[in-house]
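Engineer: curious how this folds, go ahead:
(one chain, ligands or ions: 2)
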Amino acid sequence: MAEKVPFEQKVLSENDRIAAEIRGALNQRKIFSFNMVSSPGSGKTSLLEKTISAIGSQVNIAVIAGDVQTENDAQRLLRAGCKLVRPIVTGGACHLDANMVSRALKELELENTDLLVIENVGNLVCPSSYDLGEDMKIVVMSTTEGDDKPLKYPAMFRRSSVMVVNKIDLLGTSDFDLEMVKANALKVNGTLTIIETSCRTGAGLDQWYAWLQEQIAHKKQKS
Ligand code: MG
Ligand code: ZN
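Structural biologist: Numbering: from 1, shown residues only. Ligands and ions are numbered 1, 2, ... in the order given. Next up, the predicted model:
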């Protein structure tokens, strides 16, 4: 039985092949892309709504919105003014894979797109194993979660380039320790960029937009 390739390994290598195709297509068009991962309820969609309202007139944003059930998030993003939104309803699957993203991309007009956001299913475990062809993963945490999450789900924090700590307006209403979560995150990934935001008060959002626009501009300059 030693020569048998485990099923999961086969699935992942097929996934990597498709992800490489996606990455090639996005690079060719110089589209900056990120894969947004988090637990359910961290505020991914709210952050995207704010982002679309704030910079959507300067940069063309396309979003692939993954959810286990319902297209509610995609509807919210359309209402926020995003013209290019594709929902993926996984029908139970707890993560997006490259094949799902590839199919969704075929239905998106990427001609003038500057930024592609892939909003993953809320889950900090298996989305870390699936490359979707993105430039980077961004993990969103909120202050309503445990500040030890980076230690409990290290793979996700290790594979992310940025950690957004959202809902900072709620600091002080629980035992969540901002300095502790940052220290824990940096313990598993010393190169993590950390941005603190509140979609309710707007705190930190300018820094988030500036960071994002810098990445988009940087990608455009790449040959
Ligand atoms: Mg959402
Ligand atoms: Zn999964």
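Engineer: so residue 114 touches residue 217, yeah?
Structural biologist: No. Using Cβ atoms under 8 Å as the test, residue 114 is too far from residue 217 to be in contact (9.2 Å). C-beta: built from backbone N, CA, C; applies to glycine.
Engineer: ok, whatever residue of the chain ends up closest to ligand 1 - how many residues close by?
Structural biologist: Using Cβ to the ion, the closest approach of the chain to ligand 1 is made by residue 45 at 3.5 Å. Using other Cβ atoms under 10 Å, residue 45 has 22 other residues around it.
Engineer: check contacts around the closest residue to it other than its chain neighbours.
Structural biologist: Spatial nearest neighbour of residue 45, excluding adjacent residues (Cβ to Cβ, 6 or more residues apart in numbering): residue 73 at 4.6 Å. If a contact means Cβ atoms under 8 Å, 6 or more residues apart in numbering, then residue 73 has 45, 65, 67, 87, 119 as its contacts.
Engineer: now do 10 Å
Structural biologist: Residues in contact with residue 73 (Cβ atoms under 10 Å, 6 or more residues apart in numbering) are 44, 45, 46, 48, 49, 63, 65, 66, 67, 85, 87, 119.
Engineer: which parts of the chain sit against ligand 1?
Structural biologist: Applying Cβ under 5 Å from the ion, we find that the chain lies next to ligand 1 at 44, 45, 73.
Engineer: gap between the one residue sitting closest to the centre of the chain and residue 179?
Structural biologist: What sits nearest the mean C-alpha location of the chain, by Cα atoms, centre = their mean, is residue 36, with 0.9 Å. As judged by Cβ to Cβ, to the nearest Å, residue 36 and residue 179 stand 24 Å apart.
Engineer: coming back round to it: the residue nearest to the centre of the chain contacts residue 134, doesn't it?
Structural biologist: Yes. At 9.1 Å, residue 36 counts as touching residue 134 under the criterion of Cβ atoms under 10 Å.
Engineer: shared neighbours, those two?
Structural biologist: Shared contacts of residue 36 and residue 134, defined by Cβ under 10 Å, 6+ apart, comprise 117, 118, 120.
Engineer: now for the last one, how many residues are close by?
Structural biologist: Right, residue 120. Look at residue 120: counted by other Cβ under 10 Å, it has 30 neighbours.
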